[in-house]
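> need a 3D model of the following:
(chains A and B)
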Amino acid sequence: MSVARNLSHKVGGICALAIALFYLVAPAYWMVKSSVSPDAELRMVPPPLLPKALTFDHFKVILQLPGFDAQLLRQNIELKFFPKAMGNSLIVASASTVVATFLGAVSAYSLCRFVRPRTRKWVMLGLLVSRMLPLISILIPIYMMLLATGLLDTITGLIVVYSGLLLPFVIWILEGFYRQFPTELEEAAVIDGASKFVVFTKVVMPLSWNGLFAAGVFVFISVWSDFMVGFIMTNTERAYTLSVVVARNLSSWREPDWGVLNAAGVSAALVPIVLAFVLRGLVAGGRLAGALKG
Amino acid sequence: MICLFTILPLIYIGYLSVVGIKTGQLVGRFVGLENYDFVLSSSSTITAFSNTLYFSTLSVVLAVAAGTVIALLIDSRVPFSKYLIAAVILPWAIPEVVNALLWKWVFDYTWGAFNALLVALGVIGKYQAWFSDGATAMHALVFAYSWKLVPFVVVIVYAALRSISPELIEAAEIDGAGWFGVLWYMRLPLIMPALAVATLFCVIFSMRAFDLIYLLTKGGPGESTVVLSYYTYATTFEFGDIGSGAATSVILAAATLTATLVYWWALQRAERAQ
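Predicted coordinates for the structure are as follows:
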C-alpha cells in the first residue's frame, strides 16, 4: 500500500515537473529552434519538433556578415539598423550602469551613515514609490524635458534618463547592504585622519565590490531589456536601442521573415540571459549575502 | 537626480493634467478639472479601466498559481526538481520585446506552434486566428504576460517555503497527514504572507504592462485589449492630447500608489511583529 502510494507520488511529481519544465522552456526553445531552421522548415504544417537541418543564415542577415542574403534583409527592413542599435544598447547600458551604480552607492551609504533612521524610513518609502510608478506616467514629463533641452533622440539623453530611473532601485538594494556593513573599519580610518570622502572611496567602495557588482548587473539587464523609454525617447537610428529596432520590425505591417526575426530575438536575449546566470551563480555561491536583501 | 526624474515629473504631470496644452509647449492655459471630466466621461476610458481590471486580475491569478506550483515543485523531493530554478530564470531574463516576438510567433495563425500543439492534442479542430477576436486576443495576452511574471512569484514563494522548518512537516506526516493535507493545512497558511506580497507586486506590475500589448495587438481588435497604460500612450503620443493623457496617467499613478502603500504598510507591520 505504502509502496504503491510512494510510487504514485513519484510518478505524479515527475509528470508535474515535466509540465512545468515544458511551460517554462518550450517558448524559448521554439524561438531558438526557429532561428536556426531553414525557412522552408518554418512553413511546414505542422512544424517539426526538432530542427531537421541547421542554418546560420538568419544570424548572418541580422549582423550583416559577408555573404548574407540581401532579400531576407529587405523583408525585415527595420532590422538593417540592428548592428548599429546593438552598439547603442551596449554604450547606453554600460554608461547607465556605471553612473547609476556609483551615484546609488554614494547615496545609499550616506543614507545609512548620515541620515536619522526615522527620516531614512521616509526616504525609502519615496524610493519604493518612485520605483513602482507606472513608467508611462513619468515618461510624458521626461519626454517634454528632453524635448526642451535638445537631448531627445540622443545617446546622452538615454543615459541620463536610464540612470535617473534606475537610481532609486540601486539605492534600495544597496541600502540593505550598507546597513549590515561593519562600521569598525571606517572608524579606524577616521581615527587615522581620513576624511569622509576618503573613507568612502578607499575603504567602503573596495569592500562593497560584490554588492555593487550585483546591483550593476541588475541595472545593465534592466536597461538592455527596456523598451518603453527607448521607444519614446528616440526616433532615428542615431539613438535606437536594440529593443526599439526589434519592436519596430515586429510591429511593421508587412509579414516579416520569421527566421530572421527569431534570430534577432535570440541575439537580443542572449546578453541578459548570460548575465542572469552569472548573477545566479554569485547569489548561489553565497558571496552576495546581504547584497540582495530587501 | 531622483528629484529630477521622479518628483519633478510627478508635479509636472499633475500640472499637465489641469491645463490645455499642445505638443511642443511646456506651459499651457489653466482649465481646472476639464481634462479629468473629459477622460472620465469618455466611454473609451471606461473600456480601458475594465480591460485593465480584467487583464490584471487574470494575469495575476495565473502567474501566482503557476509560480506557487513551480515553487512547491522545486521545494519537493521529486528528482531533478532543483534544475527548475535554472529554467525559471529564462522568462525573467528575456527582454519584453523578445517576449512579445516569441509569443507573436507561437500564436501565429498560419505557422504558429500553439495552433499545431492544440490540434495535435485534439483540443481544437482547426487552426485559429488568436488575435482577430477580442476575447481570445485578451487571453493570449494574459497567457504571454503571466509567463513573464512567473519567475518573480517563484522566487518569493520558494524563499518562504524554505523558511518553513522541516520538523513541522515531518511531525504532520508522522501524524498521518497526506501530501495535500500538509499542503492545505500547513504550507499554504505559512506562506500566505509571501503569497500576498507576490500578488501585490504582480498587481503593480500588470497595471504597468504596455510593451506586450503595444507590440501584439495595439489595443485591438477594436478596443478589446486597450488597457490604461496603452490608452495613456495612445492619447498622448498618437493623438497628441497631452492633457487627457496626463489626467489618465495621474489616475493610473494613484492606483499604483495605493497598492504600493498597502505593501509598505504590510512590510512595516511585519517588521514590528518580528
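
> just the pLDDT for the residue nearest in space to the middle of chain B.
Central residue of chain B (Cα atoms, centre = their mean): residue B:206, 2.2 Å from the mean position. Listed pLDDT for residue B:206 reads 88.

> leaving aside the residues next to it on the chain, what's closest to it?
residue B:56 (4.2 Å; Cβ to Cβ, 6 or more residues apart in numbering or on different chains). In this view, the C-beta of every residue, glycine as well, is placed from N, C-alpha and C.

> test my guess that that neighbour contacts residue B:201.
No: Residue B:56 lies out of contact with residue B:201 (Cβ atoms under 8 Å); the separation is 12.0 Å.

> assumed the residue nearest to residue B:206 was part of a helix.
Yes: when DSSP: H, G, I helix; E, B strand; the rest coil is applied, residue B:56 is found to be in a helix.

> residue contacts, it?
Contact analysis of residue B:56 by Cβ atoms under 8 Å, 6 or more residues apart in numbering or on different chains lists B:203, B:206, B:207, B:209.

> quick check: the gap between the second one and residue A:267.
It stands for residue B:206. From residue B:206 across to residue A:267, the span is 28 Å (Cβ to Cβ, to the nearest Å).

> one more: the third one?
Between residue B:207 and residue A:267 the computed distance is 31 Å (Cβ to Cβ).

> which one of these two is surrounded by more residues?
With neighbours defined as other Cβ atoms under 10 Å in any protein chain shown, residue B:207 and residue A:267 compare such that residue B:207 has more, 22 against 19.

> so that one touches residue B:254, yeah?
No: between residue B:207 and residue B:254 no contact is recorded; they are 11.0 Å apart, counting by Cβ under 8 Å.

> can you give me every residue that contacts residue B:244?
Residue B:244 sits in contact with B:35, B:38, B:39, B:235, B:236, where contact means Cβ under 8 Å, 6+ apart.

> grab the nearest non-local neighbour of the fourth one.
Sequence neighbours aside, residue B:245 is the residue nearest to residue B:235 in space, at 4.1 Å (criterion: Cβ to Cβ, 6+ apart).

> so that neighbour is in which element?
Using DSSP states H and E, residue B:245 maps to helix B:242-273.

> between the stretch of helix or strand residue B:53 belongs to and helix B:242-273, how big is the angle?
Secondary structure assigned from DSSP H and E places residue B:53 in helix B:43-75. Angle of helix B:43-75 versus helix B:242-273, following axes from the mean of the first three to the mean of the last three Cα atoms, to 10 degrees, is 30 degrees.

> show me which residues of helix B:43-75 are buried.
B:45, B:47-49, B:51-52, B:55-56, B:58-60, B:62-64, B:66-75 (16 or more other Cβ atoms under 10 Å in any protein chain shown).

> what about the residue nearest to residue A:107 when sequence neighbours are not counted, how many residues nearby?
In space, and not counting its chain neighbours, residue A:107 is closest to residue A:171: 4.9 Å by Cβ to Cβ, 6+ apart. When neighbours are defined as other Cβ under 10 Å, residue A:171 has 26 of them.

> residues touching residue A:171, list them.
Shown in contact with residue A:171 (Cβ under 8 Å, 6+ apart): A:104, A:107, A:108, A:111, A:127.

> of those residues, grab the buried ones for ChimeraX.
This is how ChimeraX selects the buried members of the contacts of residue A:171, with burial counted by 16+ other Cβ under 10 Å:
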select /A:104,107,108,111,127
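
> can you put the contacts of residue A:171 in a markdown table and add secondary structure?
Below are the contacts of residue A:171 laid out as a markdown table (three-state DSSP):
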| residue | secondary structure |
| --- | --- |
| A:104 | helix |
| A:107 | helix |
| A:108 | helix |
| A:111 | helix |
| A:127 | helix |
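
> which residue ranges of the stretch 101-250 of chain A form helices?
Ranges of helices in the stretch 101-250 of chain A, per DSSP state H, counting those that start in this stretch, are A:117-132, A:135-149, A:155-179, A:184-191, A:196-198, A:205-207, A:209-225, A:228-233, A:242-250.

> again with chain B
Listed in chain order, the helices found in chain B under DSSP state H are B:2, B:8-16, B:34-41, B:43-75, B:84-93, B:96-106, B:113-121, B:134-162, B:166-174, B:179-182, B:188-208, B:211-216, B:228-233, B:242-273.

> save those helices as a markdown table, and put in distance to residue A:279 too.
Shown next, in a markdown table, are the helices of chain B (distance: least, Cβ to Cβ, whole Å):
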| stretch | distance to residue A:279 |
| --- | --- |
| helix B:2 | 25 |
| helix B:8-16 | 30 |
| helix B:34-41 | 41 |
| helix B:43-75 | 18 |
| helix B:84-93 | 9 |
| helix B:96-106 | 18 |
| helix B:113-121 | 30 |
| helix B:134-162 | 12 |
| helix B:166-174 | 28 |
| helix B:179-182 | 33 |
| helix B:188-208 | 19 |
| helix B:211-216 | 22 |
| helix B:228-233 | 28 |
| helix B:242-273 | 24 |
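
> domain map for chain A?
As recorded under automatic domain parsing, the domains making up chain A are A:2-55, A:79-284.

> quick one, the longest helix along chain A and helix B:113-121 angle?
Secondary structure assigned by DSSP H gives helix A:2-36 as the longest helix of chain A. If you take the same axes, to 10 degrees, helix A:2-36 sits at 140 degrees to helix B:113-121.

> quick check: the nearest residue to residue B:68 once chain neighbours are set aside vs residue B:195, distance?
Sequence neighbours aside, residue B:157 is the residue nearest to residue B:68 in space, at 5.3 Å (criterion: Cβ to Cβ, 6+ apart). From residue B:157 over to residue B:195 the distance is 7 Å, taken as Cβ to Cβ.

> much appreciated, bye for now.
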